[in-house]
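Trainee: sequence first, predicted model second:
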Amino acid sequence: MEALTGHLDELGHGLLTTVHLTVVTTIGALLLGVVVATLRVCPVPLLRGVGMVYVEVLQNLPLLALLVLFVFALPTIGITFPLFTSAAIVIAAYEGAYLAEAIRAGINTVGVGQAEAARAIGLTFSQSLRYVILPQGLRAVIQPMGNIYIALLMNTSLAAAVGVVELTQAANNVNLVEAQPIAVFTGAGLAYMLLALLIGRVTATLERRWAIVR
Amino acid sequence: MSIRFTNVTRRRALTIAATAVTVALAAAGCGDGGSAPALPGQADGQKVAQSVFDAAPVASDADIPAGSTMDMIRKRGYLNVGGSLDAPLLSQQNPVSGDIEGFDADMAKLLAKYIIGKPEVKTVTIGTQTREAMLQAKSVDAVFQTYTITPQRATQVAFAGPYLTSGLAVAVRKDETGIKGVKDLAGKTVIVGANTPAVTALPSAAPGSKQVAFATDPQAVQALLQKRGDAYVQDFTLLASNAKTNPGMKVVGDPFTTEAYGIGLTREDTQFKEFVNNWLRKIQADGTWSKVWQSTLGSVVEGGTPTPPAIGSVEGS
Amino acid sequence: MNPNQQILFDAPGPRAQRRIRIATVLGALVLLGGLAWAIHRFASYGELAAERWQPFTTWPIWRYLLNALWSTLLAAAATAVLSAALGLLLALGRLSARRPLRWLAGAYVEVFRTVPVLLLVYVTLFALPKYGLNFPLFWKLVVPLVVSNSAAFAEIFRAGIKALDRGQTEAGLAIGLRRGQVMRLVVLPQALLRLTPSLVSQLVGLLKDTSLGFVVGYTELLYSGQVLASYTHLLIQTFLVVALIYLVVNASLSKLARVLQARNGRLTRGRSTAPGPATPPLTQGGTAR
């Protein structure tokens, strides 16, 4: 236990980084998810194709491979992001692909009549999406989105592979000195569990307040 | 089967293929400025000659009392070793042959030969997070992974040896003039390997330096060349090997720490530790240690073969 | 496109079609321009140089990678079958009429959905051997993956079963079937058909979860890629090749599932309401050495 209490500073810093990364990627993934879901249902076939390719490629590649390629391959094209930003962009893009699929499923559950009514009163494509379809669609898939966010939290630990010192890496660093893997990693695991439970709690509350009862 | 469906599937497949090619080309449209990579099978140390293994000592029956760990290993027929597969010169798997080559790997084979009579080794990949726990759970018999001997670790595991001493050194980009040694790193951004001794050594050797850790050595080298840091601190044999295959970087200064690497063993097994230490003394005396060093690490490090470290000379061993 | 989505915009008239055509041309130009620029940078850095790709034209390297891929597929298949079966049982348990069963299954699912998989792997590696449960290497990876993924599968199955029209269950009960028979003969076949997309994405995620193999020392594809990168000193090329292999395998899996679903989907009514969309894999990865 001293292994943990003696390094609270370092571990706390790692935890903060994890939370920071999670929050940033949550917002980014949500924005990307909505955009890509919109792309997949829009009138221009090319954009629909772009959306589909985005989802297919990102869902079928391991996140670690994406991180390594993004961090090490891009700088030579001339685009160099700081490491934290790189990790945030890649994880947001990756989770955004899953969110896009979830949102698209949500859009599908909205009754046909809603879209018909929106068109009937003269709303354009983007207007009907923004005012009618998406608000209902998003509310239908709060639970799956919560699952995706929990997975996002777990995936932030991969940022360690490209130099971001988040909780898992901080735990590794502590273990390097203390050589007490069970204590250190159980502690880190519990922290992740608590965060995941928090996300689950928030999701459940949101669902209760906003979900549409059919 | 509707025709529309088939067309959609084919279009999808084509789009995916096209994207894959695009991604491949786009992402490969990058490089680190013309450094020539090592081709497989080259430059990473020659393999130790089979004759060295054939001449290696084997324990007599008197050395292996019945019921001891050594006896159990001999009966099992192979040695369970915790190590790596991706540490060039030390323990690197050759994808073509499947063998594991390098100093650590060869030492493990020699120990196996000593106990069993044949260099039969089963390598289990372990990480720095799992080393102590694997030894405590007895999932591996020994750890050969440039395992630095420290007093804190000595409370969890036992160390035989040290069997190799090395040190951390500094590497910079070829055109870097401002950094001549570790003292110049104060306040700079330094690339380190995640979970290596550099993480703990740097704060005192270069106060105020900012560390950026990468999981594997190839990534760290790439990061250095792409200016994500001013210098790369790593074990100096590894740096020497990298500098040899990568003209874009160079090693500056001498090693600034001394790392004593020991063989990780289960803590309570003092008999096995005695046994392994005796074996180490034997191969140091009859020149096997030097031969193995020459073939692996010696291929990149200048200067003659160093004298093997004295057993038990480091606190914790 | 889904009829739902097609209603969102009218069939384009002549002006809209012109606009769409312009947007398409511009978009295509941008994409192709980007590609050409990338290839140009490419040529100027020599990354396409023959010597950098030479290792990947030799059979031994591919044999190494394909062996690793086989190990990955084996572990993934075992995990998939076991966790799907266990997940189904858990879902049925959660929907059961008996309270203790519901509670037990519910507790299992809630706990193992939030525990990081890496932690489970560590427990299997270190804590269990202390109690005598020292599994062979393959199972050291598969068991924690099964425990974690079964919770995910349980949720997917439960969502699918609940999404089914209540009328189906009521009809089944009305014609005199017992609860168990209703589940087996009426509810499950329909629910499972609808769930195929979610199941497949869980499968794909599972395949990527096997990259945790390196923690236990099981040489699967991603770790083998790192070993190869270390051996050849070709970081980018190796990762590109490994990424391509993953892309091909996973995309084929998804396509296969879509083909199967389309073939079976003709038997059910049109609405493709997939209740549980894909969840990304709970891979923790971790740093390799």
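Mentor: Received, thanks.
Trainee: residue 29 - how many residues pack around it?
Mentor: Going with chain A. 26 (other CB atoms under 10 Å in any protein chain shown). Every C-beta, even on glycine, is put in place using the N, C-alpha and C of the backbone.
Trainee: think we crossed wires, I meant chain C
Mentor: By other CB under 10 Å, the residues close to C:Leu29 number 10.
Trainee: so it versus A:Gly51, what's the distance?
Mentor: 19 Å (CB to CB, to the nearest Å).
Trainee: also B:Lys109?
Mentor: 54 Å.
Trainee: looking at these two, which has the bigger crowd around it?
Mentor: Neighbour totals were compared for B:Lys109 and A:Gly51, and B:Lys109 leads with 25 against 21 (other CB under 10 Å).
Trainee: isn't the more buried one right up against B:Lys122?
Mentor: No. Using CB atoms under 8 Å, B:Lys109 is not in contact with B:Lys122; the gap is 11.2 Å.
Trainee: can you tell me the closest non-neighbouring residue to B:Ser313?
Mentor: Distances taken as CB to CB, 6 or more residues apart in numbering or on different chains place B:Pro162 nearest to B:Ser313, at 6.8 Å, with adjacent residues excluded.
Trainee: how about that neighbour, what does it touch?
Mentor: Shown in contact with B:Pro162 (CB atoms under 8 Å, 6 or more residues apart in numbering or on different chains): B:149, B:260-262, B:309, B:311, B:313-314, B:317.
Trainee: buried residues of stretch C:111-127, list them for me.
Mentor: Within stretch C:111-127, the residues scored as buried using 16 or more other CB atoms under 10 Å in any protein chain shown are C:112-126.
Trainee: those: which ones sit near chain B?
Mentor: Intersecting those with the contacts of chain B gives C:122, C:125-126 (criterion: CB under 8 Å from any CB of the partner chain).
Trainee: so what's the residue nearest to the spatial centre of chain C closest to, chain neighbours aside?
Mentor: In chain C, the residue lying closest to the centroid (CA atoms, centre = their mean) is C:Val204, at 2.1 Å. Nearest residue to C:Val204, sequence neighbours excluded (CB to CB, 6+ apart): C:Asn250, at 4.9 Å.
Trainee: same question, C:Leu164
Mentor: Nearest non-adjacent residue to C:Leu164 (CB to CB, 6+ apart): C:Ala191, at 5.2 Å.
Trainee: check the gap between A:Gly28 and B:Gly287 for me.
Mentor: Taking CB to CB, one finds A:Gly28 at 60 Å from B:Gly287.
Trainee: what about the two, which has more around it?
Mentor: Higher neighbour count among A:Gly28 and B:Gly287: A:Gly28, with 17 against 13, using other CB under 10 Å.
Trainee: wait, isn't the more buried one in contact with A:Ala92?
Mentor: Yes. Shown here, A:Gly28 and A:Ala92 form a contact pair, counting by CB under 8 Å, at 3.2 Å.
Trainee: and the longest helix along chain C, does that touch chain A?
Mentor: Ranked by residue count, the top helix of chain C under DSSP state H comes out as helix C:59-94. No. Helix C:59-94 does not reach chain A (CB under 8 Å from any CB); its nearest approach is 10.4 Å.
Trainee: after the helix or strand of chain C with the lowest mean pLDDT, next one along is what?
Mentor: One helix or strand of chain C scores below all others by mean pLDDT, DSSP states H and E: helix C:3-6, with a mean of 56. Next helix or strand after helix C:3-6 toward the C-terminus (DSSP states H and E): helix C:14-45.
Trainee: which helices and strands sit right next to that next one?
Mentor: helix A:45-59, helix B:3-28 (3 or more CB pairs under 8 Å, 6 or more residues apart in numbering or on different chains; DSSP states H and E).
Trainee: mean pLDDT lowest where, among those helices?
Mentor: Here the lowest mean pLDDT among these goes to helix B:3-28, at a mean of 47.
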